[in-house]
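Enquirer: Generate coordinates for the sequence data below:
(chains A and B, ligands or ions: 2)
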Amino acid sequence: MDKTIDEINRRIREGSARVVTADEMPAIVSELGEEGALKEVDVVTTGTFGAMCSSGAFLNFGHAEPPIKMERIWLNDVDAYGGLAAVDTYIGATNKSVTRAESYGGAHVIEDFIAGKAIELRAQSSGSDCYPRRNITTEIRLEDLNQAIMVNPRNAYQRYDGATNTSDDTLYTYMGTLLPHSGNVTFSGAGTLNPLCNDPALRLIGSGVPILLGGAPGMVVGEGTQHSSAGNFGTLMTTADMNDMSTDFLRAAYMYRYGPTLYMGVGVPLPVLDIEVVRRTAIRDEDIPVSIKDYGVPSRSRPLITQVSYADLKTGRIELNGEEVRTSSLSSYRKALQVARTLKQWIEEGQMTLCLPTRRLDPSKQVKPMRETRKVALVQEIMQRKVVTIKEDEEIPEAAKKLLKGETNHLPVLNEQGRLVGVVTTFDVAKAVAHPERKVRVKDVMTRNVITTRCDEPVDIAAQKLDHHRISALPVVDAQNQCIAILHASDLGKLFKPGGQGA
Amino acid sequence: MKLLVKLSHRSRPIIAEVVKDTGVLINVDRARSDAHEGEEALVDVPDEFCRLISEKMRGLGAEVSILEEGIRHDRDECVDCGSCISVCPKEVFSFNSEWELQVETKRCILCGRCVIACPHQALSNNEI
Ligand code: SF4
Ligand code: SF4
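Expert: Ligands and ions are numbered 1, 2, ... in the order given. The predicted model follows:
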């Protein structure tokens, strides 16, 4: 016995619709059976609350006197887009403030607007006959704007990969703090409550469908950027009026050493039309696989470490290579529940009726990687092949001589087989000279834990290593750990010289 | 109970002396040495010996204060995401059955990892 959307909306208007949250559905289906659940339940509400970088808002400020065509625009010193009509802009969530701490960004401007705070608008123009004014500075609040329309290019990912880190260093990523040697696992998403997980074939979620966005009634615009539903990574483009939003469902955030981002609450109500909908919305955390990827490898295709489910992750521990590792989420399950329950309440009170997509999203779409026409610069293009090395059994004065002659601050140290075993710097040698007691040989003073690079490593990754470890040179080694060259921080500049590769 | 102990560079091995004199076993949670400010240690002692140990240490020239509250948690800023949970070495954080963050401040050793990990600046502590 299928139901029509009109029938469901009639029940909503009459106040007799049965609305449940997506986490309640599995139990209802196992109790009543699929037919029973179809008869009993009219609407299933979903919800998620997590970091959604690809968010922002169109703002219209109204005209000033004399009028200005704003070409460069800052809101609380966060750059907003200036390529729109005179007094329109788009503020993106992840832009950092140019003057405040880098933990303040576009997301914070958006949250401050919604919280009712005054924001400083600064704008510049080159001036035109119709818009003579060159600059403006003023304080505005949300209520002063003509429009503040949030349009988020990519929200509510169908699912996310989990993250761990097999490298020797702590990493600070958009997946949070990742401890070295797989010390923890982080994940995101609300599992059974995730909107797109409850409609993977995209029968119900598409353009024009009403949603909860940041606490406001909004709608799905269409497919989100990077939508890749063929691989279960569908996304949504969403919109709602910022004036109706609340900081209960939208929060600015800052990921350490990554930057600002916006935590958004997004919920979609799903009409229970037929058995297919019942079956899909009965999905449990156990049924949703999550791939744990190694963020210790700085590449687009990060190695898969293991496959688990949301149910496993939510226990707070999973097993990785025979060891128990703690897991924790970046998104809030409590807030996701709050989103789904608020939607449920709206519908029960008749404040929101449902509709089917006016245009469906493509369930077979697959994301493509970027086409790159210029090859990425590799270490071999800028490394110094002439490298002065020293043997570990040599005496300190010999190292001092080589450092002087080699005009370098770093001497790679080799063992008898010619393999790299350490590095000595001018500083190590100076220290040894100051305290000559027992430090007679290079191996007594060298650093043994050497950070290295390889000739086929992209320059950006080598630069990141220099930065991360606050060092100024990397020995370049081959597969046998022979030191074949050295890369100095100063070599990075070569890429930007005329005739250089990058520029 | 956690005690913050400040020692000057030239002081005697105070912690060892106190352990030897009193026979009370002291756990050193964290220690830091600073060129200007001297040494600072966060130690854990059984509650019933807290006074005795503090007095002994003060007698030997250390500054001792009780660490009442480890990590500070701002409920209004917190969204109950859980980012702090897996980075904490002392398992200070957990969820209750409502997925609300619970904080057992007494176990905190002020390592500061969670302060960095919290995306909502809801955690802060006194630097050690
Ligand atoms: S400071 Fe360290 S020990 Fe204390 S709660 Fe934070 S992570 Fe845990
Ligand atoms: S990381 Fe911060 S916001 Fe998230 S649960 Fe912990 S204290 Fe709350």
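Enquirer: would residue A:291 count as being in a helix?
Expert: No: using DSSP: H, G, I helix; E, B strand; the rest coil, the assignment for residue A:291 is strand, not a helix.
Enquirer: what number of residues lie near it?
Expert: Residue A:291 has 15 neighbours, counted by other C-beta atoms under 10 Å in any protein chain shown. The way it works is simple: take the backbone N, C-alpha and C, and place the C-beta from them, glycine included.
Enquirer: ok, which stretches of chain B are helices?
Expert: B:14-22, B:50-59, B:113-117 (DSSP state H).
Enquirer: So residue B:42 versus residue B:6, what's the distance?
Expert: Distance from residue B:42 to residue B:6, counting by C-beta to C-beta, to the nearest Å: 11 Å.
Enquirer: Settle it for me: which of the two has more neighbours?
Expert: In this view residue B:42 and residue B:6 are compared by other C-beta under 10 Å, and residue B:42 has more residues nearby, 21 against 16.
Enquirer: What pLDDT does the model give that one?
Expert: With respect to pLDDT, residue B:42 scores 85.
Enquirer: what do you get for residue B:37?
Expert: 68.
Enquirer: contacting residues for residue 45?
Expert: By default, I'm working from chain A. A:19-22, A:267-270, A:340-341, A:343-344, A:347 (C-beta atoms under 8 Å, 6 or more residues apart in numbering or on different chains).
Enquirer: Chain B is the one I meant
Expert: Contacts of residue B:45 by C-beta under 8 Å, 6+ apart are B:1, B:3, B:24, B:26, B:27, B:53.
Enquirer: one more time with 6 Å, if that's ok
Expert: Taking C-beta atoms under 6 Å, 6 or more residues apart in numbering or on different chains as the criterion, residue B:45 is in contact with B:1, B:26, B:53.
Enquirer: same question, residue B:18
Expert: So residue B:18 contacts B:56, B:57 (C-beta under 6 Å, 6+ apart).
Enquirer: what number of residues lie near the closest residue to residue A:302 other than its chain neighbours?
Expert: The shortest distance from residue A:302 to any non-neighbouring residue, by C-beta to C-beta, 6 or more residues apart in numbering or on different chains, is to residue A:293 (4.1 Å). Neighbourhood size, residue A:293 [other C-beta under 10 Å]: 19.
Enquirer: Please apply the same query to residue B:28.
Expert: When neighbours are defined as other C-beta under 10 Å, residue B:28 has 12 of them.
Enquirer: just checking, it touches residue B:42?
Expert: No: applying C-beta atoms under 6 Å as the test, residue B:28 and residue B:42 come out as separate, 7.4 Å apart.
Enquirer: In chain B, mark out all the strands, start to finish.
Expert: Ranges of strands within chain B are B:2-7, B:27-34, B:38-44, B:63-66, B:72-73, B:93-95, B:101-103, B:123-124, based on DSSP state E.
Enquirer: quick one: low-confidence ranges for chain B?
Expert: Low-confidence segments of chain B (pLDDT under 70): B:9-11, B:34-37, B:126-128.
Enquirer: so what strands line up beside the one helix or strand residue A:305 maps to?
Expert: Per DSSP states H and E, residue A:305 falls inside strand A:304-309. According to DSSP bridges, strand A:304-309 forms sheet pairs with strand A:289-294 (antiparallel).
Enquirer: Just the residues contacting the partner strand, thanks.
Expert: Contacts of strand A:289-294 (C-beta under 6 Å, 6+ apart): A:161-162, A:164, A:166, A:185, A:302-309.
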